[in-house]
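# Sequence plus the predicted model coming up.
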2 protein chains.
Amino acid sequence: MALDSIETPFGKADLVLGGSGTFFSASASHFTPVQLVGVVGSDYPLEKLDALAQRGVDLAGVEHAEGASFRWRGRYRHDLNVAETLETHLGVFSHFSPKIPPQFLDAPFVFLANIDPRLQVDVLNQVQRPRFVACDTMNFWIESRRPELVQLLGKVDAITLNDGEARQLTEHANLVKAARWIMKQGPKIVIIKKGEHGAFMFMNDSIFFAPAYPLEDVFDPTGAGDSFAGGFMGYLAKTGDLSEANLRRAVVYGSAMGSFAVEKFSIDRILEIGPGEIAERVARIRQLVSFDQEPAE
Amino acid sequence: MALDSIETPFGKADLVLGGSGTFFSASASHFTPVQLVGVVGSDYPLEKLDALAQRGVDLAGVEHAEGASFRWRGRYRHDLNVAETLETHLGVFSHFSPKIPPQFLDAPFVFLANIDPRLQVDVLNQVQRPRFVACDTMNFWIESRRPELVQLLGKVDAITLNDGEARQLTEHANLVKAARWIMKQGPKIVIIKKGEHGAFMFMNDSIFFAPAYPLEDVFDPTGAGDSFAGGFMGYLAKTGDLSEANLRRAVVYGSAMGSFAVEKFSIDRILEIGPGEIAERVARIRQLVSFDQEPAE
């Protein structure tokens, strides 16, 4: 849970709600009740979390620590696919050790957002036999915590990571080979996110691809990947169906949620939308890739 | 029509058949008879064109000029999406002025491959009322022949260009805006190719997206875009159907042909494949993006 300060070619936002857990929860809350675990500092505008609570996000796992909240200041220039980090202050995050409230321990669907893989493993050791576990990660942990990250891979059902991270982790430039390498470490499902270029899901011998919805106005790409993960996991938790057909749908719901995230700063757009808009965007993504292999008779 | 010398992380090829017209013709020949117009020099290994002739490519429009053939020497490193040009020798291409043989003048489907837009307009002035005209272009002409290129846009039904070129031509970073800008200049159909990230077709208010088929082994990306164009135009010419449903299929056939082109150097893989392999790859692309919006009852 972060306070983000962001500059894009279209505007600026100061100290707005950010962080993987925040985007994930806001997005997943469109599909299922969410239990959020994270940490905020004494400077955090707690009243802004009311919107999440009203959407069914249980905040009992949000620790209130003394000190400054995690802050990230970033900039996007013309190429909105590349975030330039100007400042990162860990604040209370530097000593964070997730404590899962007792009433969260039997969650059937668990998402381990991007954090030190040692803490991701620690969370898994606390919860009771979840039905489906997915994790995310980032370049920093791939560099500094590779053995712990590889150990984590042996304990999860799915991983979401971006294409650059997949290449860095596996040392394969080719994404098909990269996904295969990751699957060998444990996850049955590997989702490689390519930002505006869409996302692949690798599963058994099958590959699924969902495009990113082509928006005319991308306002701020921050949080798209976590909103994707929230849509994916939220849809799976809602439906309880882990068949390949349903996982494919979940990826498309993820893509739809990612496309909403980038339309405004922070979680603003995610909080605005309703089921009709989500269904419409999923239908548009379907229309975007639809074709008949043979002409109709 | 070029002689290419290429280095990739997987091998080298010296003075192999290359050039837009060559890749386009080889690819389109899987769908329809092709009439190729181009120029080769006195050093060109004409016997290598036999394979094209045997596939139904009419070479009557290939001018044999005194001097060296166009030569391109390029290199791809780890990122196969980026070609590094080491040398370009225009040779006989520098004075090329396309002369369309009389028996080609009534071609209903015309593709103006990447060349000086003044020559593309000149070709259009020679042919008789084609039913469907598409063109390609590149950064060099966008910089040096912008007015002539914009004039050409007013005379074509469709354009294929890559994402970087679309951004450079239109000065819009956003591809939806870029496509809209191009459509205002004339083309009803704008195809933006994104290499390994697939291709968009913009048409009226609709957007279609075809992914690139995710290959485990990409050998040499040279010619993928022209092979795409050959598949697209070849399929349209074969079917004679310009409905949106059929244009979508044509884009997928284009994507399939592009994916074959990169599996070997030059047109080697394109010459090997048959209708069964093409149909299978189209089916795989369909499977890659298939999902049901709602669970089956």
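Good, I have the coordinates.
# For the rest of this, base every contact and every neighbour count on C-alpha atoms.
Will do.
# Just give the nearest non-adjacent residue to residue A:82, would you?
residue A:76 (6.4 Å; Cα to Cα, 6 or more residues apart in numbering or on different chains).
# unless I'm mixing things up, the one you found is touching residue A:11, no?
No - using Cα atoms under 8 Å as the test, residue A:76 is too far from residue A:11 to be in contact (10.3 Å).
# So between these two, which is more surrounded?
Comparing residue A:76 with residue A:11 by other Cα atoms under 10 Å in any protein chain shown, the one with more neighbours is residue A:76, at 20 against 10.
# For the more buried one, grab phi and psi.
Backbone torsions of residue A:76, given as degrees, to the nearest 10, read phi -120, psi 130.
# Per-residue confidence, it, what does it come out as?
Looking at residue A:76, its pLDDT is 93.
# Who are the contact partners of it?
Contact partners of residue A:76, counting by Cα atoms under 8 Å, 6 or more residues apart in numbering or on different chains, are A:6-9, A:82-84, A:220.
# ok, and the most crowded of the residues you listed?
residue A:220 (26 neighbours).
# which one is that one nearest to, not counting chain neighbours?
Nearest to residue A:220 is residue A:262, by Cα to Cα, 6+ apart, at 4.9 Å.
# Report the buried residues of the lengthiest helix in chain A.
For chain A, the longest helix by residue count, based on DSSP state H, is helix A:244-261. By neighbour count with 16 or more other Cα atoms under 10 Å in any protein chain shown, helix A:244-261 contains the buried residues A:245-261.
# What about chain B: which of those residues touch it?
Among the buried residues of helix A:244-261, the ones lying near chain B by Cα under 8 Å from any Cα of the partner chain are A:245-246, A:248-249.
# Looking at those residues, which one is closest to residue B:42?
residue A:248 (55.0 Å; Cα to Cα).
# May I ask you to confirm that that closest one is in contact with residue A:208?
Yes - here residue A:248 reaches residue A:208: they are 6.8 Å apart, a contact under Cα under 8 Å.
# Report the set of residues contacting both of these two.
residue A:201.
# just to revisit the earlier point, I'd like to know how many residues surround the residue nearest to residue A:220.
24.
# Same question for the one 3 residues further on.
Around residue A:265 there are 26 other residues, counting by other Cα under 10 Å.
# Could you say which helix or strand holds the residue nearest to it when sequence neighbours are not counted?
Of all residues not flanking residue A:265 in the chain, residue A:220 sits nearest, at 5.7 Å (Cα to Cα, 6+ apart). Assigned by DSSP states H and E, residue A:220 belongs to no helix or strand.
# now do the one 10 residues further on
Under the criterion DSSP H and E, the helix or strand holding residue A:230 is helix A:224-239.
# which residues of the stretch 151-297 of chain A score low on pLDDT?
Across the stretch 151-297 of chain A, residues meeting the criterion (pLDDT under 70) sit at A:297.
# Strands along that one, start to end?
Secondary structure of the stretch 151-297 of chain A (DSSP state E, counting those that start in this stretch): strands located at A:158-162, A:189-193, A:199-203, A:206-210.
# Dump the ones you listed to JSON lines, plus mean neighbour count and distance to residue B:103.
Below are the strands of the stretch 151-297 of chain A laid out as JSON lines (neighbours: other Cα atoms under 10 Å in any protein chain shown; distance: least, Cα to Cα, whole Å):
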{"stretch": "strand A:158-162", "mean neighbour count": "24", "distance to residue B:103": "53"}
{"stretch": "strand A:189-193", "mean neighbour count": "25", "distance to residue B:103": "50"}
{"stretch": "strand A:199-203", "mean neighbour count": "23", "distance to residue B:103": "47"}
{"stretch": "strand A:206-210", "mean neighbour count": "22", "distance to residue B:103": "44"}
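# who's in contact with stretch A:189-208?
A:81, A:157-163, A:166, A:179, A:182-183, A:188, A:209-214, A:224-225, A:244, A:248, A:251, A:255, B:197, B:287-290.
# about what we covered before: list the helices and strands the longest helix of chain A packs on?
Of the remaining helices and strands, those touching helix A:244-261 by 3 or more Cα pairs under 8 Å, 6 or more residues apart in numbering or on different chains; DSSP states H and E are strand A:199-203, strand A:206-210, helix A:224-239, helix A:268-272, helix A:275-289.
# Buried deepest among these, which one?
Of all the helices and strands packed on helix A:244-261, helix A:224-239 carries the top mean neighbour count, a mean of 27, counting by mean count of other Cα atoms under 10 Å in any protein chain shown.
# Please write out the alpha-carbon positions of it in PDB.
Extracted C-alpha coordinates of helix A:224-239, given in PDB (Å, rounded to 0.1, in the frame of the first residue of the first chain):
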ATOM      1  CA  ALA A 224      -2.500  -1.800 -14.600                       C
ATOM      2  CA  GLY A 225      -0.700  -5.100 -13.800                       C
ATOM      3  CA  ASP A 226      -2.100  -5.300 -10.300                       C
ATOM      4  CA  SER A 227      -5.600  -4.500 -11.500                       C
ATOM      5  CA  PHE A 228      -5.200  -7.200 -14.100                       C
ATOM      6  CA  ALA A 229      -4.300  -9.700 -11.300                       C
ATOM      7  CA  GLY A 230      -7.300  -8.500  -9.200                       C
ATOM      8  CA  GLY A 231      -9.600  -9.100 -12.100                       C
ATOM      9  CA  PHE A 232      -8.100 -12.500 -12.800                       C
ATOM     10  CA  MET A 233      -8.100 -13.700  -9.200                       C
ATOM     11  CA  GLY A 234     -11.400 -12.000  -8.400                       C
ATOM     12  CA  TYR A 235     -13.200 -13.800 -11.300                       C
ATOM     13  CA  LEU A 236     -11.700 -17.100 -10.300                       C
ATOM     14  CA  ALA A 237     -12.800 -16.700  -6.700                       C
ATOM     15  CA  LYS A 238     -16.300 -15.700  -7.800                       C
ATOM     16  CA  THR A 239     -16.700 -18.600 -10.100                       C
END
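# residues from the stretch 51-200 of chain A in reach of chain B?
Counting by Cα under 8 Å from any Cα, the stretch 51-200 of chain A sits next to chain B at A:78-79, A:173-177, A:197.
# Quick check: the farthest pair among these?
Spanning the widest gap among those are A:78 and A:177, at 31.2 Å by Cα to Cα.
# what about the two, which has more around it?
Taking neighbours as other Cα under 10 Å, residue A:78 and residue A:177 compare with residue A:177 leading, 18 against 11.
# For the nearest residue to the more buried one once chain neighbours are set aside, give its distance to residue B:105.
Residue nearest to residue A:177 in three dimensions, not counting chain neighbours: residue B:216, with 6.3 Å by Cα to Cα, 6+ apart. According to Cα to Cα, to the nearest Å, residue B:216 stands 42 Å off from residue B:105.
# Who has more neighbours out of those two?
When neighbours are counted by other Cα under 10 Å, residue B:216 and residue B:105 differ, and residue B:105 comes out ahead with 16 against 12.
# Now do the contacts for the more buried one.
So residue B:105 contacts B:126-128 (Cα under 8 Å, 6+ apart).
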